[in-house]
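>>> Provide a 3D model corresponding to the input given below.
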Amino acid sequence: MTELYDQILASGPLDWLALIASLAYVWLAARDNNWCWLFAAISTSVWAWQSFVVYQLISDGFLQLFYLVMAGVGIWRWRRSKVGLKEQGTLRKDLLDDEVIKKPLTAIVRMTAAEHVYTILFGLIGGGAMYLFVSGVFTSAATLPDALTTAFSIATTFLLVWRRVENWLYWLVIDAVYVWIYLNTGAVLFALMMVINIGMALYGYIHWRQEMRSANTA
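The predicted structure follows:
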């Protein structure tokens, strides 16, 4: 507790910007709000600097750069998805017997068994490959756990962008591992943020399931 208090006092503007923007991103994503991607871009830009320079988490730094790119993809994908749903809703009023009404009522869908297999394989193989690369080139803290969480985070970000409801279950596990990583590297403030993110991931899963069921019922 004393270490957390000392780190809070020592935290600079960039630390707080990364923390607040990241929490805003996760909260808005859990609420299925497109504005989450703007806060994701802000948070990842700052966090990449912190990971590379301050905490020497090389894999995590590359992950933040990936998140920055995916923030742009997310804005485009979610906006396109929701515009399509609005257009589909209009068509339903006029073309009740048209083939288009057989499409899903919501862009939030469940993962298939194959998608779970691909996600896990990508996380394990990609994490192993990243571990070999980083350990051979850079000096990094918590190299193997950092590499694995990075690979799984990449895969899970795609699940979030593609609006798979189970993405939040993967985030629950990933964030729990990150709590351990950050505590062991002295990033107590970021560990606390991951604890908060675990609660938000649980909320996101519940909220997305409710949205999916409500839309399908409607």
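
>>> Spell out for me which residue occupies the centre of this protein.
Taking CA atoms, centre = their mean, the centroid of the chain lies closest to T157, which sits 4.8 Å from it.

>>> Which positions in stretch 65-82 come out as buried?
By 16 or more other CB atoms under 10 Å, the buried positions in stretch 65-82 come out as 66-68, 70-71, 74-75, 77-78, 81. Where you see a C-beta, it was placed from the backbone N, CA and C, and this is true even at glycine.

>>> now swap in stretch 168-178 and tell me
If you call a residue buried by 16+ other CB under 10 Å, then stretch 168-178 has these buried ones: 168-172, 174-175, 177-178.

>>> So the nearest residue to V46 once chain neighbours are set aside: helix, strand or coil?
Nearest non-adjacent residue to V46, counting by CB to CB, 6 or more residues apart in numbering: A18, 4.0 Å away. When classified by DSSP: H, G, I helix; E, B strand; the rest coil, A18 comes out as helix.

>>> need the contact list for A18.
Neighbour list for A18: 43, 46-47, 50 [criterion: CB atoms under 8 Å, 6 or more residues apart in numbering].

>>> where's it relative to I42, distance?
Computed as CB to CB, to the nearest Å, the A18 to I42 distance reads 8 Å.

>>> rewinding a little: can I get the contacts of A18 in TSV including pLDDT and distance to E115?
Compiled in TSV, the contacts of A18 are given as follows (pLDDT from 0 to 100; distance: CB to CB, whole Å):
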residue	pLDDT	distance to E115
S43	91	26
V46	90	31
W47	83	27
Q50	80	32
